[in-house]
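**Q** sharing a model prediction with you, sequence too.
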Amino acid sequence: MKQTIARIISLTLIAVMLLSALSACTVKPYYEGAPEGMRPINEGEEKAILYVPENWLVDTSTGVPTGYYSTNDRSMVTLVTVKADALNGQTIPEYWASYVDSFITSVKDFKIVKETESASDYTTRLIAERSTYVYDFTATVTGLEYKFRQALLTHPDTGDLYIITYSTVSEVFDTHLSDLTEIYNNFKFVTEKIPMNDKIEVSLPEDATAPEGYKTVSSEFVDYLLYIPSDWTPLINTGMTAAHAPESKSINVNAMAFNTTLASLDEYWTGYENDLAATFGEVTYADPQAKYQETKLDGYDARKYVYSLSVNDKAYDYQQYMVIKGGYIYLLTFCSPADVSAPAAEFDGIVSNFKFK
């Protein structure tokens, strides 16, 4: 079962921390161009490839490039790409400052870790001969303290931003730092894809035309089409897709899919609800007597859950649609601050235009 709670860019962090059972590729075939003793976790479709030690496991089911240390130690590394136009001309420290608020409002006990109180929030190093900013921070997830290290660098030609995130429970963080150094040292830019023979491609249909007043947030890595209002801002477009409203990053939508062996949303929600409670405290439902409503998502039977959470003493309202289809569970999640009126028309429009490929 795969479970996730997150918003904006931080969804890629917290989502992976809440995956309770992961299907990873354990075969170690030959990989073209891979450094000795390393294997790729992506194909370079974003003009860069991240390699992990060959004894690590790789999950290709979501499209978010992810490597895990082992089945018993879920220390992991992920790679997220942010397109240059989404940076709006910001430097890396400026970009970090612009989205650090999303961590504060998405996770519990968020704290930047630095050597001294007066030190900068980041350190610097070279990765792929590019100046890279490295940030360490901790957060509490499902009652455990996790530590994160994010390395941020830009492509020399496209200006795209790459975020390499290492995350694990704090007590074992230092255990894999030598592997992390090898991961940094072998990160490279590429001009074309190098196919991985254990990765399944999902193609964007030719007729994926956005309805009037909407634009598409989708890619070859997902088998659904998320359409957002034209004035909304896309945030992530890999194996998870997200966007926020023009007036506030805190008003946002994200969609994701995880493979599952479950056939029951009741069973999935029980575990998911437990993770929400362990991470954020009490889950408050709009209607405690009816936690969900039966509904449809692109014609498929779905459930809609409406609830609130308190994140670092600030309340947020969530609307979450769930579907089990073809061995995958799909989640379409809307979030807005409780003290702000949610844009109901925009939310409804995104739901009614959501399509499976």
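**A** Perfect, I can see it now. Numbers count the residues shown, from 1 in each chain.
**Q** farthest residue from the center of this structure?
**A** Farthest-out residue of the chain from its mean C-alpha position, per Cα atoms, centre = their mean: Q289, at 31.6 Å.
**Q** any idea whether it is helix, strand or coil?
**A** Using DSSP: H, G, I helix; E, B strand; the rest coil, the structure places Q289 in coil.
**Q** for it, what are its contacts?
**A** Residues counted as contacts of Q289 (Cβ atoms under 8 Å, 6 or more residues apart in numbering): none. In short, each C-beta sits where N, CA and C put it, glycine included.
**Q** now do F356
**A** 223-225, 298, 300, 325.
**Q** again with P246
**A** 231-233.
**Q** repeat that with 6 Å
**A** If a contact means Cβ atoms under 6 Å, 6 or more residues apart in numbering, then P246 has D231 as its contacts.
**Q** S336 too?
**A** Counting by Cβ under 6 Å, 6+ apart, S336 touches 251, 317, 342.
**Q** so it sits in a helix?
**A** No. Under three-state DSSP, S336 falls outside any helix and is assigned strand.
**Q** mind checking how far it is from I163?
**A** 25 Å (Cβ to Cβ, to the nearest Å).
**Q** pretty sure F334 sits against N254.
**A** No. Between F334 and N254 there is no contact under Cβ atoms under 6 Å: 8.5 Å.
**Q** before we move on, the earlier item: between the contacts of S336, identify the one with the most neighbours.
**A** I251 (22 neighbours; other Cβ atoms under 10 Å).
**Q** low-confidence ranges, the stretch 201-350 of the chain, go.
**A** 201-208, 218-222, 235-240, 312 (pLDDT under 70).
**Q** where exactly do the helices run in it?
**A** 265-280, 344-353 (DSSP state H, counting those that start in this stretch).
**Q** which residues touch stretch 148-158?
**A** So stretch 148-158 is contacted by 84, 92, 127, 130, 132-137, 161-167 (Cβ under 6 Å, 6+ apart).
**Q** T181 belongs to a helix, doesn't it?
**A** Yes. Looking at T181 with three-state DSSP, it is inside a helix.
**Q** how far away is P343 from D231?
**A** 11 Å.
**Q** which of those two has more neighbours?
**A** The neighbour comparison of P343 against D231 (other Cβ under 10 Å) goes to P343, with 19 against 11.
**Q** got the contact list for the more buried one?
**A** By Cβ under 6 Å, 6+ apart, P343 has no neighbours at all.
**Q** what distance do you get for it to S250?
**A** With Cβ to Cβ as the criterion, P343 and S250 are 12 Å apart.
**Q** and for the two, which residues touch both?
**A** Joint contacts of P343 and S250 (Cβ under 6 Å, 6+ apart) do not exist.
**Q** would you mind measuring from the residue nearest to N42 when sequence neighbours are not counted to D266?
**A** Nearest residue to N42 in three dimensions, chain neighbours excluded: P65, at 3.8 Å (Cβ to Cβ, 6 or more residues apart in numbering). According to Cβ to Cβ, P65 and D266 sit 32 Å apart.
**Q** who has more neighbours, the two?
**A** Applying other Cβ under 10 Å to P65 and D266 shows that P65 carries more neighbours, namely 28 against 9.
**Q** got a pLDDT number for that one?
**A** Looking at P65, its pLDDT reads 80.
**Q** with the one 10 residues further on instead?
**A** If you check S75, the pLDDT there is 87.
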